[in-house]
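In: Predicted model, plus sequence, below.
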Amino acid sequence: MDRKNLLKRLATLILFIFLVNYIAMKFYWYSAIWYFDMPMHFIGGFWLGLAFLWIFHVEEFSFRFLFRITIFILLIGIFYEVFELLVDKSITHKPFNTLDTLSDIFFALAGGLSAVFYFFKKIMPINENTIQLK
């Protein structure tokens, strides 16, 4: 596994997320385009998945690893939604939206699991000890 290459991808992805989020806030895309937060949560989950792989030096695929990364992304997604709820209650005074919260968590989870499959398909070299994902 080339950790330096993975770190470059992480840095590029987080800069992309910050740039798109800045533009979206400037032009009110989150309120003007009803589905705009869905791809943003997916990309954020993708970044979280790659960050997990980089932080914990994951070198081979296992279902135990898949369970851990799922729990990690789920916890971060829930913590972010609690943060969003607190901001909405105190600053914007928007009511709680269960469907939006669930879709945000789902898209973050889908992005994180996509990162796992991306990592094991594109970045990590396949050898006889690694399960090849087709």
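Out: On my side now, so go ahead.

In: need the contact list for the residue most central in space within the chain.
Out: Centroid-nearest residue in the chain: residue 45, 0.8 Å away (criterion: C-alpha atoms, centre = their mean). By C-beta atoms under 8 Å, 6 or more residues apart in numbering, the contact list for residue 45 reads 73, 77, 107, 108, 109, 110, 111, 112, 114, 115. Glycine gets a C-beta too; all of them are placed from N, C-alpha and C.

In: for the residues you listed, which one is nearest residue 10?
Out: For these, the minimum distance to residue 10 (C-beta to C-beta) is 10.1 Å, reached by residue 115.

In: ok now do the closest residue to that closest one other than its chain neighbours, which residues does it touch?
Out: In space, and not counting its chain neighbours, residue 115 is closest to residue 49: 2.8 Å by C-beta to C-beta, 6 or more residues apart in numbering. Residue 49 sits next to 69, 73, 111, 112, 113, 114, 115, 116, 119 when contact means C-beta under 8 Å, 6+ apart.

In: starting at the chain centroid, how far to the helix or strand containing residue 49?
Out: Using DSSP states H and E, residue 49 maps to helix 37-55. Distance of helix 37-55 from the chain centroid (C-alpha atoms, centre = their mean, to the nearest Å) equals 2 Å.

In: In it, which residues are buried?
Out: For helix 37-55, burial by neighbour count (16 or more other C-beta atoms under 10 Å) applies to 37-38, 40-54.

In: now swap in stretch 79-88 and tell me
Out: When burial is assessed from 16+ other C-beta under 10 Å, stretch 79-88 yields the following buried residues: 80, 81, 84.

In: how close does the last one sit to residue 75?
Out: I take that to be residue 84. 15 Å (C-beta to C-beta, to the nearest Å).

In: do the second one as well
Out: Look at residue 81 and residue 75: by C-beta to C-beta, they are 11 Å apart.

In: how about the helices in this protein?
Out: Using DSSP state H, the helices of the chain run over 3-26, 29-32, 37-55, 63-87, 98-118.

In: can you put those helices in a markdown table and add mean pLDDT?
Out: Putting the helices of the chain into a markdown table (pLDDT from 0 to 100) gives the following:
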| stretch | mean pLDDT |
| --- | --- |
| helix 3-26 | 95 |
| helix 29-32 | 92 |
| helix 37-55 | 95 |
| helix 63-87 | 91 |
| helix 98-118 | 93 |
